[in-house]
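# Build me a model:
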Amino acid sequence: KTIILVSSTFVVVWILLNIVFLQSLRRNSETVHRGKQADTHDFGSTGGNRGKNQSVNVSAANLTPLRDIDREFYTIRINSWERPEQLILSVKHHSTCVGAKQIQVVWCNDQKGDPPEEIVQNPKVVIERHPVNSLNERFNVIIPTPTLGILSIDDDVLRPCKAIDSGFFKWTDNPERMVGFEGRLHVDKNGTWKYGYLSTTQKANKYSISLPRYCFL
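Residues are numbered from 1 along each chain as shown. Modelled structure (predicted):
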């Protein structure tokens, strides 16, 4: 009995030591990871002065620190594209997500009429009017967002709230990076990098690009 008791005590102590070691290792790993600078990114044309490609070295140290609200909530910016039924469906779904603090609908003046009343009456929705009818207007933020995290989406893409939360919390761990759901693959054609379509990505079973049609920024 004494031998069995001593052996059991040894096993318990060994397990506890391993747990402490793994937790310490995880904390050190996170510290090292957050201290690393992100890669240099090349931002393309999104209108105005953004038309010129510019290399920006983004690091976690240069970003505004996340507040408590930024770790719990995000702002959705959704493009509208002359299909009100689809927009109503998208807003109705995303407004049920607890993490969505606000939904900013990018409404272009080129579109016919005003936004649907079902959208205007939604307490989470803010209508942001733009004079230019372009998908890139989602990046032209006119109304300040209540959160640092922004979920940029097209009006024809729906994902479960749990899936959105999963991507959001990955972004809060890496706010210097874009976290997306739509992966694509760039391919080499005659020595030049070209955009690979969804079929190319599926066939290769890998990706190197994240599209802004559904991603956290």
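# Count residues in the vicinity of the spatially closest residue to residue 149 that is not a sequence neighbour, would you?
In space, and not counting its chain neighbours, residue 149 is closest to residue 74: 4.1 Å by Cβ to Cβ, 6 or more residues apart in numbering. To be clear about C-beta, it is placed using only N, CA and C from the backbone, and glycine gets the same treatment. Using other Cβ atoms under 10 Å, residue 74 has 27 other residues around it.
# Enumerate every residue touching residue 74.
The contact partners of residue 74, by Cβ atoms under 8 Å, 6 or more residues apart in numbering, come to 99, 100, 101, 147, 149, 150, 151, 168, 216.
# Where do the helices of this structure begin and end?
Remark: helices assigned in the chain by DSSP state H are 2-35, 68-72, 84-94, 117-120, 161-173, 198-204.
# Show me the shaky parts of this structure.
1-61, 109-112 (pLDDT under 70).
# same thing but 50
Low-confidence segments of the chain (pLDDT under 50): 1-6, 11, 13, 20-22, 24-56, 58.
# hmm, back to that, what's the farthest-apart pair in the contacts of residue 74?
101 and 216 (13.3 Å; Cβ to Cβ).
# of those two, who's got more company?
Higher neighbour count among residue 101 and residue 216: residue 216, with 23 against 18, using other Cβ under 10 Å.
# Hmm, residue 149 and that one touching each other?
Yes: Residue 216 is within contact range of residue 149, at 5.8 Å (criterion: Cβ atoms under 8 Å).
# who touches both of those two?
74, 168, 171.
# Among these, pick out the one closest to residue 180, please.
For the shared contacts of residue 216 and residue 149, the nearest to residue 180 is residue 171 (9.6 Å; Cβ to Cβ).
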